[in-house]
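*Asks:* Need a 3D model of the following:
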Amino acid sequence: AKVIERWESTQYKYYMYYMAWINPPDEPASSRIWVATASSPLGPFTAQATPVFDNGWHVIGPCAFDDGGGNFYLLFTRDGTGNIVEGIPQSFIYIVKLGSTMKSVTGPMRLMAKPEQPWERTKTSYELRYWNEAPSIFKNNGTYYLVYSAGCWNSRQYKLGVATANSVMGTYVNDATPTY
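*Replies:* Presented below is the predicted three-dimensional model:
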């Protein structure tokens, strides 16, 4: 979970975005992104009763971002569980603008990164996985840096990657080699 602050007329309000499981009737368990709010970064936090969004995807790894101009964004990973592309579990990183209440999203979800580089693709002991997850973002000198984990979390090939873009919702270019 990550906490982000936003000034709201007379004081700061704190928003914590986190992943939690749901178990709908007659369907497999899946995860969604939720938000809880507080008047202090130390809490106590009050959880919202519904997910920030629910498009049916299994999602993990939320990260909120303040662009410094009054806009807030939510990054997240569409988990490879249930996202099978050409027979291979694949996880992709997306970004979407948060709504004015910070408790919902507005506008289209945009793909930021998918495992396209060879080092982002992992053969585990039991299957092939193409994996990008755990996004974080920062801006430096007009360039946006997306930092993320790649490869499969349970393998020795798990790496740290960086992708860059000229705008927060822009086209991100993955580095050809891992950062770490």
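*Asks:* secondary structure class for the residue most central in space within the chain?
*Replies:* Nearest to the geometric centre of the chain sits F76, at 1.6 Å (C-alpha atoms, centre = their mean). Classification of F76 using DSSP: H, G, I helix; E, B strand; the rest coil returns strand.
*Asks:* is it true that it touches P62?
*Replies:* Yes: look at F76 against P62 with C-beta atoms under 8 Å: they come within range, at 4.9 Å. Backbone N, C-alpha and C define where each C-beta goes, glycine included.
*Asks:* Could you name every residue contacting both of these two?
*Replies:* Applying C-beta atoms under 8 Å, 6 or more residues apart in numbering, one finds that F76 and P62 are jointly contacted by I33.
*Asks:* where are the low-confidence patches of this structure?
*Replies:* 124-126 (pLDDT under 70).
*Asks:* cutoff 90 now
*Replies:* 1-2, 9, 21-30, 56, 80-89, 116-131, 151-158, 174-180 (pLDDT under 90).
*Asks:* What ranges does it have for its helices?
*Replies:* With DSSP state H as the definition, the chain shows no helices.
*Asks:* what about H58, how many residues close to it?
*Replies:* 20 (other C-beta atoms under 10 Å).
*Asks:* Please apply the same query to A134.
*Replies:* Residues near A134, counting by other C-beta under 10 Å, number 17.
*Asks:* for Y180, same thing?
*Replies:* Look at Y180: counted by other C-beta under 10 Å, it has 9 neighbours.
*Asks:* Just give the closest residue to it, not the sequence neighbours.
*Replies:* With C-beta to C-beta, 6 or more residues apart in numbering as the criterion, Y180 has its nearest non-adjacent residue at 4.1 Å, and that residue is L160.
*Asks:* residue ranges for the strands of this structure, please.
*Replies:* 2-8, 11-22, 30-38, 46-47, 59-66, 72-78, 84-85, 88-98, 105-113, 121-123, 128-140, 143-150, 159-165, 173-174 (DSSP state E).
*Asks:* Assess the claim that G80 and Y130 are in contact.
*Replies:* Yes: with contacts counted by C-beta under 8 Å, G80 reaches Y130, the gap being 7.4 Å.
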